[in-house]
Each structure stands twice: as structure tokens, then as C-alpha cells.
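**Student:** show me the folded form of this:
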Amino acid sequence: MSAHHLADLVTEAQRVAVIGLAKNTGKTRTLVALLAELHRRDRTVGLTSVGRDGEATDVVDPRITKPRIPLPPGGLVATAEPLLRAAGLPYEVVSRTGYSTPLGRTMIARLPAGGAVEVAGPSSNRGTAEVTAAMREHGADIVLVDGAINRRAASSPAVADLVLLATGAALHTEFAQVVEQTVAAAEVFALPCSGDPAVYSAAATAAGSVAITGSGAVVPVDRALTLGGAGADLSRLLAGPDGAQHVVLSGALCESFAEEIRRAARGRKVSLVVTDSSKVFLAQRTSDWYRRQNVSIEVQKPTVLAAVSVNPVAPFSHRFDSVALRTELSARLPGLYFCDLGPHVD
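**Tutor:** Down below sits the predicted model:
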């Protein structure tokens, strides 16, 4: 699969997030390849980042040369004003936003001649959604949002219509662990939507997190309970024939809360419902593991994961066989597209 096929996958989308599972897994290379292919198709592209990307060398390991991000001529970018000036490229300011980054205020500009630019946009869902909408209003056919697994705002359906995931050898020194961690991440993006209308009704009217009991009663859940460390209170919430069947969270789902719900439920079925997959933070167990313990993690709004790019090389460390890695991932995640957009630098 090539950048040509990636562009085919995103052709109907207006907003696409490119998410890296770790540093140096090929996210920027994926972004650059997609930018070039969209330009060949005469698509006007907008670009922003939930964080920072496009620097010449890695900020952690300066030995690692990073791919520059060449915005095509006529493209739009939402980035910090000092970074845009430092690029030394001609640009036309179309909007100065109210969002600031550690590198300066975010502005939206058009680059008539294109060129390489560092990108640092708003870090919040709201800010990213607003600048992507603004770039669309100013003529972008499609907006690419650069993100990372620790900058989850980029993958929210409020920000992106679909997601491209970048994984690779930099994730772990063991082949099997790269596969397992990639599969776990993909499973979170593919979390099922809740099938109970009561969940959506409660979420639309509640001021915070709530529990829905077996009889349909909606009970407020104190925010402190959702942060972990309140096992006894959760046991009471879930106890008895009219115990909670759904817990609808207004914020993030942390692993400590999921684990306490599992213990308190004592084998009873219960669902934990979040707004979307960007609100789920699991590190020790997978969503599939919790499902097998009768704790179903569900979403109100689905995330569309369209493809996974694979970088088989960890810089200055190790490499895996690209075909073997893609074959194994394809077997574990049927229906997804996989590609290697190398060459990669050892």
C-alpha cells in the first residue's frame, strides 16, 4: 500500500488525524507522503498540529534527523507565529486566533509558494476543531491534524473524521510487543458505540458523570469516584438487583477507575461509556481484556481508524522485517489497511 492508496482512503474526509504511537514510528513521514499525494491531486490542504512537528532534528535525540513538512503551494497552516516567521517563507495571514502555545499565538496563514514549516497548533479539542473549521472556511479541501498517542485530542471525532495510525519498531525492542501494543491501540479506536438509548439521553442532560440503574434511574456520580480510590462507594453503586448497569463518564476513563469497577462488579455486566475513544487511557490492560471480565468500554461517538503505517526501524537501535510485521498486524486486525512508506534511516 502506498501514499496513493492512503489518499484514496481519505478522499471523502474533510479532517484527517495522523497519530503516532511513539516517537520515531513514522508519523511525520506518513503526513509528508499524504501531503504530497493530495497536492498531486490538486487538493488544497490545511495543516495543524496538536503539539509541535516539522523540526529538523529530534528534540530528545539530536542525532535523529526528522523529515521536514513541505506544505504545498497555496496550502494553509495553523501554527505559532514565531515559527512561521522563522521559516523565512512568504505567507498571507488569513486569521489570528485567540489560542496560544508555549511557542506563541496560533495564526492561520496561506503559503503561496509552499515550503517547509514547523507546526505548533492548539492542544485542546476545542482549539483544534476551531482552527480546522477556519481553514476549511478559507479554502482548504482537507485538513490534516498532526497528533500523537499522548496528545489524544487529535483523534477525537470532534476534530477528525478519520484517523491514520503510525506504529513501528521504536515502540518496543521485541517484535511481539510492537504487535500487542499496536493491536491494543487499534482496539481502543474501534470501541463499540453504546446500544442503549438511555445512555445518550442521560449524557445529553446530565451535568457530569452518571450511573444508570437496572430500573432506568439516573444517579449522579461524584467526580472523585471516577479518579480511583473509592472502591467501597463503587461497590454500593453497583450492588443489588437495581445496581448500576451503565456508568456514563463526562470526562476521561483512567485505568484505576476501570479496575475498581471490575472489582466492585464481581462478575456482573457493566458498561463504561465515554464520549469517544480519545477519552480512554489504558496502560496495563486492554479494552478486550476488560470486555472478557464483563466490563464493556463503549463510546457515544465512534472513531474511524482507516489505516496503519509501519516503520520497521528504530533509529540507532534495532529493526524488524517490514513484511513480517505488516503480515502479523493484518492477521490480528483484519479489515485495516497497512503500509510501509520507507525508506527509513537506521
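
**Student:** parallel or antiparallel, which strands does the helix or strand harbouring V77 pair with?
**Tutor:** In the assignment (DSSP states H and E), V77 maps to strand 75-80. Sheet pairing here is set by DSSP bridges, and for strand 75-80 it gives strand 45-49 (parallel), strand 104-111 (antiparallel).

**Student:** export the ones you listed to TSV and tack on mean neighbour count, distance to A166 and mean pLDDT?
**Tutor:** Bear in mind the C-beta positions are built from the backbone N, C-alpha and C, glycine included. Below are the strands paired with strand 75-80 laid out as TSV (neighbours: other CB atoms under 10 Å; distance: least, CB to CB, whole Å; pLDDT from 0 to 100):
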stretch	mean neighbour count	distance to A166	mean pLDDT
strand 45-49	28	14	95
strand 104-111	22	24	95
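
**Student:** V183 is nearest to which of the ones you listed?
**Tutor:** With CB to CB as the criterion, V183 lies closest to strand 45-49 of the strands paired with strand 75-80, at 26.3 Å.

**Student:** centre of the chain to that closest one, how far?
**Tutor:** 15 Å (CA atoms, centre = their mean, to the nearest Å).

**Student:** what's that strand in contact with?
**Tutor:** The contact list for strand 45-49, computed with CB atoms under 8 Å, 6 or more residues apart in numbering, reads 35, 38-39, 69, 71-72, 75-79, 119-122, 128, 131-132, 135-136, 138, 140-147.

**Student:** can I see the domain layout of the chain?
**Tutor:** 3-190+303-339, 197-299 (automatic domain parsing).

**Student:** so which of those is the most packed in?
**Tutor:** domain 3-190+303-339 (a mean of 20; mean count of other CB atoms under 10 Å).

**Student:** where in the stretch 101-250 of the chain is pLDDT low?
**Tutor:** 148-150, 228-232 (pLDDT under 70).

**Student:** now the helices: where do they sit in it?
**Tutor:** 125-137, 175-189, 197-205, 231-238 (DSSP state H, counting those that start in this stretch).

**Student:** those into CSV, with extra columns for distance to L21?
**Tutor:** Listed next are the helices of the stretch 101-250 of the chain as CSV, based on distance: least, CB to CB, whole Å:
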stretch, distance to L21
helix 125-137, 19
helix 175-189, 6
helix 197-205, 29
helix 231-238, 31
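
**Student:** out of these, the one nearest H5 is which?
**Tutor:** Here helix 175-189 is closest among these (CB to CB), at 18.1 Å.

**Student:** where along the stretch 201-346 of the chain do the strands fall?
**Tutor:** Remark: strands assigned in the stretch 201-346 of the chain by DSSP state E, counting those that start in this stretch are 210-213, 218-220, 244-248, 253-254, 270-274, 280-281, 295-299, 305-311, 337-339.

**Student:** so which of those strands is nearest Q14?
**Tutor:** Comparing the strands of the stretch 201-346 of the chain under CB to CB, the one sitting nearest is strand 305-311, at 13.6 Å.

**Student:** give me the sheet partners of the closest one and which way each runs.
**Tutor:** Strand pairing (DSSP bridges) places strand 305-311 next to strand 162-168 (parallel), strand 337-339 (parallel).

**Student:** so which of the ones you listed is nearest P192?
**Tutor:** Closest approach to P192 among the strands paired with strand 305-311 (CB to CB): strand 162-168, 16.3 Å.

**Student:** and the contacts of the closest one?
**Tutor:** Here strand 162-168 makes contact (CB under 8 Å, 6+ apart) with 6, 9-10, 13, 16-22, 24-27, 29-30, 34, 155, 178, 181-182, 185-186, 189, 303-314, 325, 329.

**Student:** kindly report the same for stretch 327-336.
**Tutor:** 167, 175, 179, 182-183, 186, 305-308, 310, 338.

**Student:** can you say which two of the residues you listed are spatially most distant?
**Tutor:** Farthest pair in the contacts of stretch 327-336 (CB to CB) is F175 and A306. Separation: 24.4 Å.

**Student:** and the longest strand for the chain?
**Tutor:** Of all the segments of type strand in the chain, defined by DSSP state E, the longest one is strand 92-101.

**Student:** which helices and strands does that strand pack with?
**Tutor:** Contacts defined by 3 or more CB pairs under 8 Å, 6 or more residues apart in numbering; DSSP states H and E place strand 92-101 against strand 75-80, strand 104-111, helix 125-137.

**Student:** report the angle between that strand and strand 45-49.
**Tutor:** 20 degrees (axes from the mean of the first three to the mean of the last three CA atoms, to 10 degrees).

**Student:** tell me the strands beside strand 92-101, with direction?
**Tutor:** strand 104-111 (antiparallel).

**Student:** now the partner strand against helix 125-137, angle please.
**Tutor:** Going by the same axes, to 10 degrees, strand 104-111 makes 20 degrees with helix 125-137.

**Student:** what's the span of stretch 242-259, first residue to last?
**Tutor:** 21 Å (CA to CA, to the nearest Å).
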